[in-house]
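Asker: Provide a 3D model corresponding to the input given below.
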Amino acid sequence: YIPTNVISITDGQIFLEADLFFAGMRPAVNVGLSVSRVGGAAQTKAMKKASGSIRIDLAQYREMEVFTQFSSDLDAATKAQLQYGKCLMELLKQPLCNPLSMADQVITLVVATHKMMVDVEIKQVKKFQTDMLRYFDVNHPEIGQELTEKKVLTEELEQKILQTAEEFKKSR
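Answerer: Numbers count the residues shown, from 1 in each chain. Got it, this is the predicted structure:
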């Protein structure tokens, strides 16, 4: 038996990292090194569209985080990129035995990838997410129902999600 951080499957390899695991990321997959041809095929169309650039965004964040850790002077664009990456990393942390529905995941990813959460303090991101999803359930349940039934994220539905998220932010 040789311990390793690589799980090999027939259609790719998933690289796991102890640092991510201990930071609360589960599964602790290194998105920059992992390769899977199955992953996209197993997703609903809504999830595939919502998570479109997240893999690249996270890989860029991880590289930038390492590159800038010794730098004290950061320009506004770099600070914004780091904040966006931290927000995504925080959103991907899941408490045990508390999975999100596909609709809630899509809503969260749409809002996050449109950078509507970058102004939320990192310690408050999970609370913001929980409160926002509750707002969607109470005030606009049709959004979650449409995602669950049709499993497709149309441009119109995406705009409705963004408008509802903006309503939520204003109501806070």
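Asker: need the helices for the chain, in chain order.
Answerer: 18-22, 38-41, 45-50, 54-68, 76-91, 102-113, 125-139, 141-150, 155-171 (DSSP state H).
Asker: among these, which gets the worst mean confidence?
Answerer: Taking each of these in turn, the one with the lowest mean pLDDT is helix 38-41, at a mean of 61.
Asker: mean neighbour count and distance to Asp119 added to the helices of the chain, as TSV?
Answerer: (Glycine included, C-beta is placed from N, CA and C.) Output for the helices of the chain, formatted as TSV (neighbours: other Cβ atoms under 10 Å; distance: least, Cβ to Cβ, whole Å):
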stretch	mean neighbour count	distance to Asp119
helix 18-22	12	25
helix 38-41	11	31
helix 45-50	19	20
helix 54-68	15	17
helix 76-91	16	8
helix 102-113	22	12
helix 125-139	16	10
helix 141-150	15	22
helix 155-171	14	9
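Asker: looking at those helices, which is nearest to Asn30?
Answerer: With Cβ to Cβ, the closest approach to Asn30 among these belongs to helix 18-22: 7.0 Å.
Asker: which strands and helices sit next to that closest one?
Answerer: Packing partners of helix 18-22 (3 or more Cβ pairs under 8 Å, 6 or more residues apart in numbering; DSSP states H and E): none among the helices and strands.
Asker: that one: how far from the chain's middle?
Answerer: Its chain's C-alpha centre and that of helix 18-22 lie 17 Å apart, by Cα atoms, centre = their mean, to the nearest Å.
Asker: stretch 94-101 now?
Answerer: From the chain centre to the centre of stretch 94-101 is a distance of 14 Å (Cα atoms, centre = their mean).
Asker: dump the C-alpha coordinates for that stretch into PDB.
Answerer: Once non-C-alpha atoms are left out, stretch 94-101 reads as follows in PDB (Å, rounded to 0.1, in the frame of the first residue of the first chain):
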ATOM      1  CA  GLN A  94     -20.100  22.600   3.200                       C
ATOM      2  CA  PRO A  95     -21.100  21.600   6.700                       C
ATOM      3  CA  LEU A  96     -21.400  17.800   7.200                       C
ATOM      4  CA  CYS A  97     -24.800  16.300   6.400                       C
ATOM      5  CA  ASN A  98     -26.100  19.500   5.000                       C
ATOM      6  CA  PRO A  99     -26.000  19.400   1.200                       C
ATOM      7  CA  LEU A 100     -27.600  22.100  -0.900                       C
ATOM      8  CA  SER A 101     -30.200  21.300  -3.500                       C
END
